[in-house]
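Asks: no sequence on this one, just coordinates:
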């Protein structure tokens with residue numbers, strides 16, 4: 001019941017009667033994070049994404065996003081693991097303010113397919129499960145700043161909700177910066 005209410009509320013955000021001729025958007029983003037710990041341990045994450053969207057109203061967009069991430073986790077004598085995640089998602093994006101404004105915040109909601117490959121070893125020679133395929137719910141916030149008429153830079157935070165539960169929003173967050181081109 002709770003998920004139905006959240007879904008219904010999200011869909012209301014995308015209802016708009018101000019229809020326009022279709023505008024397409026292509027975008028890309030990149031993210032890098034590294035944490036170093038005592039004794040040479042570290043976690044390193046590199047991620048990039050590409051998107052293609054279609055504005056079916058002035059404020060509402062449907063988009064396809066591909067994200068490719070690699071995470072390395074190393075703790076001497078404990079683990080040396082690499083995860084490669086690929087997420088394919090279909091999202092609805094709602095933009096606030098008017099399309100002519102220099103800055104436009106937006107929200108994103110959608111559904112995606114996560115394909116994870118894991119390699120490496122744990123203490124004792126154990127290995128992680130080699131492959132994980134899972135459906136995921138996606139939620140995000142972002143902002144686009146117009147540089148010139150057909151190009152914006154963007155910054156966004158996207159969460160991949162484990163099992164579709166909003167309570168897991170903080171478990172899988174990706175922050176990225178990138179650009180968007182409109183045609």
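Replies: Nice, thanks for sending it over. As the structure is a prediction and not an experimental result, all values here were calculated from the model. Numbering: from 1, shown residues only.
Asks: beta partners for residue 145?
Replies: Beta-bridge pairing of residue 145 under DSSP bridges involves residue 103, residue 153.
Asks: so it touches residue 102, yeah?
Replies: Yes: the pair residue 145 / residue 102 is scored as a contact, 6.5 Å apart, by Cβ atoms under 8 Å. The C-beta positions use only the backbone N, C-alpha and C, and glycine is treated the same way.
Asks: more neighbours: which of the two?
Replies: residue 145 (13 against 10; other Cβ atoms under 10 Å).
Asks: would you map the helices across this protein?
Replies: Secondary structure of the chain (DSSP state H): helices at 2-13.
Asks: pLDDT weak spots in it?
Replies: 1-22, 163 (pLDDT under 70).
Asks: which residue lies nearest the spatial centre of it?
Replies: In the chain, the centroid-proximal residue (Cα atoms, centre = their mean) is residue 158; its distance is 4.2 Å.
Asks: partners of the closest residue to that residue other than its chain neighbours in the sheet?
Replies: Sequence neighbours aside, residue 140 is the residue nearest to residue 158 in space, at 3.7 Å (criterion: Cβ to Cβ, 6 or more residues apart in numbering). Under DSSP bridges, the beta-bridge partners of residue 140 are residue 108, residue 158.
Asks: and if you look at residue 36?
Replies: residue 42.
Asks: measure it to residue 65 for me?
Replies: 30 Å (Cβ to Cβ, to the nearest Å).
Asks: same deal with residue 126?
Replies: To residue 65, residue 126 is 34 Å away according to Cβ to Cβ.
Asks: more neighbours: these two, which one.
Replies: residue 65 (23 against 9).
Asks: list the residues that contact the more buried one.
Replies: 49-51, 87-89, 91, 110, 112 (Cβ atoms under 8 Å, 6 or more residues apart in numbering).
Asks: among the residues you listed, which two are most distant?
Replies: Greatest spacing in the contacts of residue 65, by Cβ to Cβ: 50 and 110 (15.1 Å).
Asks: higher neighbour count, those two?
Replies: residue 110 (20 against 14).
Asks: not counting its neighbours along the chain, what's nearest the more buried one?
Replies: The nearest residue in space to residue 110 (Cβ to Cβ, 6+ apart) is residue 91, at 3.0 Å.
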